[in-house]
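# Take this sequence and fold it.
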Amino acid sequence: MAKDKFHASTGVLFPACLFLGLGIGMVFGHAGVGVILGMGIGFIAMALVRVKSEPMEVKLPSSTASYFIILLGLFFIILGSGIIFFPDMLFPYILGVFIALLGIGFFIFGIKSASKGKK
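Just a heads-up that it's a prediction; the model follows:
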């Protein structure tokens, strides 16, 4: 029961940050940028915030998956900021390289997760 409550509580953080970013982005006329920034903050919040019972606590991550999620969140925050300040430089080069590296990262993460499940 406690484990279900733990997952339910942290699972709400991502969409909450996503919608918060969308709303703020719509206010400033940049809904897409708001979604990207909200996504980045949501990933970081999911990796850092742990709710086991009533007192909520923020802890340093203890797994490589949590660190990967934090890096993903930081990228989306940088991406959202870059869209505003450097749109011409960001899309053709930096974004393409990062998306390719992100795909490789998910592939490696999936292989590691599958190999842990077999043991």
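# only C-alpha atoms for contact and neighbour calcs from this point on.
Will do.
# now the helices for this structure?
For the chain, the helices defined by DSSP state H occupy 2-11, 13-27, 31-48, 64-85, 87-89, 96-118.
# which of those sits most buried?
Of those, the one with the most neighbours on average (mean count of other C-alpha atoms under 10 Å) is helix 31-48, at a mean of 24.
# by contact count, what packs against it?
Secondary-structure packing of helix 31-48 (3 or more C-alpha pairs under 8 Å, 6 or more residues apart in numbering; DSSP states H and E): helix 13-27, helix 64-85.
# Arrange the helices of the chain in a markdown table, one row each, with mean pLDDT as further columns.
Listed next are those as a markdown table, based on pLDDT from 0 to 100:
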| stretch | mean pLDDT |
| --- | --- |
| helix 2-11 | 54 |
| helix 13-27 | 87 |
| helix 31-48 | 87 |
| helix 64-85 | 81 |
| helix 87-89 | 73 |
| helix 96-118 | 73 |
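# sorry, back to before: do you know which of the helices and strands packed on helix 31-48 lies nearest I36?
Taking C-alpha to C-alpha, helix 64-85 is the member of these nearest to I36, at 5.4 Å.
# roughly how far is the closest one from the heart of the chain?
Chain-centre distance of helix 64-85: 7 Å, with C-alpha atoms, centre = their mean, to the nearest Å.
# and that helix with helix 96-118, angle?
Using axes from the mean of the first three to the mean of the last three C-alpha atoms, to 10 degrees, the direction of helix 64-85 lies 160 degrees away from that of helix 96-118.
# orientation of helix 64-85 relative to helix 31-48 in degrees?
Here helix 64-85 runs at 160 degrees with respect to helix 31-48, directions being taken by the same axes, to 10 degrees.
# Using PDB, write out every CA atom in helix 64-85.
Output in PDB follows, covering the C-alpha atoms of helix 64-85 (Å, rounded to 0.1, in the frame of the first residue of the first chain):
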ATOM      1  CA  THR A  64      21.400   6.000 -12.400                       C
ATOM      2  CA  ALA A  65      17.900   6.200 -13.800                       C
ATOM      3  CA  SER A  66      17.200   9.200 -11.500                       C
ATOM      4  CA  TYR A  67      20.300  10.900 -12.600                       C
ATOM      5  CA  PHE A  68      19.400  10.300 -16.200                       C
ATOM      6  CA  ILE A  69      15.900  11.900 -15.600                       C
ATOM      7  CA  ILE A  70      17.600  14.900 -13.900                       C
ATOM      8  CA  LEU A  71      19.900  15.400 -17.000                       C
ATOM      9  CA  LEU A  72      16.900  15.000 -19.200                       C
ATOM     10  CA  GLY A  73      15.000  17.700 -17.200                       C
ATOM     11  CA  LEU A  74      18.000  20.000 -17.300                       C
ATOM     12  CA  PHE A  75      18.200  19.600 -21.100                       C
ATOM     13  CA  PHE A  76      14.500  20.600 -21.500                       C
ATOM     14  CA  ILE A  77      15.000  23.700 -19.400                       C
ATOM     15  CA  ILE A  78      18.000  24.700 -21.500                       C
ATOM     16  CA  LEU A  79      16.100  23.900 -24.700                       C
ATOM     17  CA  GLY A  80      13.200  26.000 -23.600                       C
ATOM     18  CA  SER A  81      15.500  28.900 -22.800                       C
ATOM     19  CA  GLY A  82      17.400  28.400 -26.000                       C
ATOM     20  CA  ILE A  83      14.300  28.600 -28.100                       C
ATOM     21  CA  ILE A  84      13.700  32.100 -26.800                       C
ATOM     22  CA  PHE A  85      17.200  33.400 -27.000                       C
END
